[in-house]
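K.L.:
Just a sequence and a predicted model for now, questions to come.
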Amino acid sequence: MEQVQPQLPAYPTIFSLQGKLALITGGGSGIGFDIARCMVQSGARVVITGRREQPLQEAVRILADSGSGEQAYYVVNDVTERQSLNGLVETIETTYGPIDILVNNAGVNMKKPALEVTDDDFDRIVHTNLNSVFSLTRACAQRMMARKQGSIIMISSMAAYYGIDRVVAYAASKSAVEGMVKVLASEFSGNGVRVNAIAPGFIETAMSKTAMSGDPDRFARAMRRTPIGAFGKPEDIGWAAVFLASEGAKYITGASLPVDGGNSIGF
Ligand code: NDP
């Protein structure tokens, strides 16, 4: 007897973010901006945040031109002001509607030999890359779980996977984020909220330019460790984020997706 297969959703539809609202921290530049661009192109509305108004204004202008209507908004917010984050989520939801997708992208790095890193240095990096990520995630997840749906994406780093000299606080913060993803996925996914990480490799942004500066051989060494043999583009992270946020990834939670040109293979 011939088995009747249920109809699969149409190919572009399954990856579409039509009707979704995404909150992307640090969305005014670099990787965050391209996550916003890719999400807008996939049909989502996006709210981007950052500490400075001017780059956010400019980013929203570009996003508005690339979308098919009013799809991008900004809120000036410093994620390290953790007491502001519940209010941020409330304001966004009141003004623009329920947040379906949270991308914890804002992050800072600092290159120093470990013995020169002060307690203040260490705290500053961990405060931005880890503590604030937890607080904002908690604020969004409470609401998402009540609605029984949501996707949370942490932008981690290959620095979480293996030792890279002179980024002790950064690596500690990103490794902790990877651990947090697994716990939160375990606690939230039964209530319809998936939690995943993307671990970028070398991506062309202001942050990676600063990391490479002052060391002319650094680029060549990085490329020797990268089978694809080139830096990634911010949009490479953007499309991975679209996938993880989409229905096509509905059975993926607690995962960390390397987007690194093969760097983490560890050859
Ligand atoms: P950039 O420095 O280019 O951009 C960082 C963005 O975050 C900026 O828009 C900045 O805006 C915002 N930001 C920084 N601090 C805060 C804060 N306290 N509150 C709100 N926004 C803030 O970095 P990338 O785009 O390269 O990095 C984005 C993410 O990707 C980071 O988490 C980083 O760790 C990760 N990553 C990047 C890699 C790379 O090769 N580029 C590799 C691996 C991971 P403003 O200054 O106006 O606040």
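P.N.:
Structure received. Numbers count the residues shown, from 1 in each chain.
K.L.:
from here on, contacts and neighbour counts on C-alpha atoms
P.N.:
Will do.
K.L.:
Which strand residues bridge Ile24?
P.N.:
When bridges are called by DSSP bridges, Ile24 pairs up with Ile48, Val103.
K.L.:
Going along the chain, name the strands of the stretch 51-200 of the chain.
P.N.:
72-76, 101-104, 150-155, 193-200 (DSSP state E, counting those that start in this stretch).
K.L.:
Point out where the stretch 51-200 of the chain drops to low pLDDT.
P.N.:
Low-confidence segments of the stretch 51-200 of the chain (pLDDT under 70): 67-68.
K.L.:
Alongside the ligand, which residues does it contribute?
P.N.:
51-52, 77-80, 105-108, 128, 155-157, 200 (C-alpha under 6 Å from any ligand atom).
K.L.:
hang on, the earlier thing: quick one: the strands of the stretch 51-200 of the chain as CSV, columns for mean neighbour count too.
P.N.:
As requested, the strands of the stretch 51-200 of the chain are arranged in CSV below (neighbours: other C-alpha atoms under 10 Å):
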stretch, mean neighbour count
strand 72-76, 20
strand 101-104, 26
strand 150-155, 26
strand 193-200, 26
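K.L.:
Can you convert those into a markdown table and add a column each for distance to Leu257?
P.N.:
Listed next are these as a markdown table, based on distance: least, C-alpha to C-alpha, whole Å:
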| stretch | distance to Leu257 |
| --- | --- |
| strand 72-76 | 26 |
| strand 101-104 | 14 |
| strand 150-155 | 10 |
| strand 193-200 | 5 |
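K.L.:
which residues does the closest residue to Phe122 other than its chain neighbours contact?
P.N.:
Distance criterion C-alpha to C-alpha, 6 or more residues apart in numbering; nearest residue to Phe122, sequence neighbours excluded, is Ala169 at 5.3 Å. For Ala169, the contact set (C-alpha atoms under 8 Å, 6 or more residues apart in numbering) comprises 110, 121-122, 125-126.
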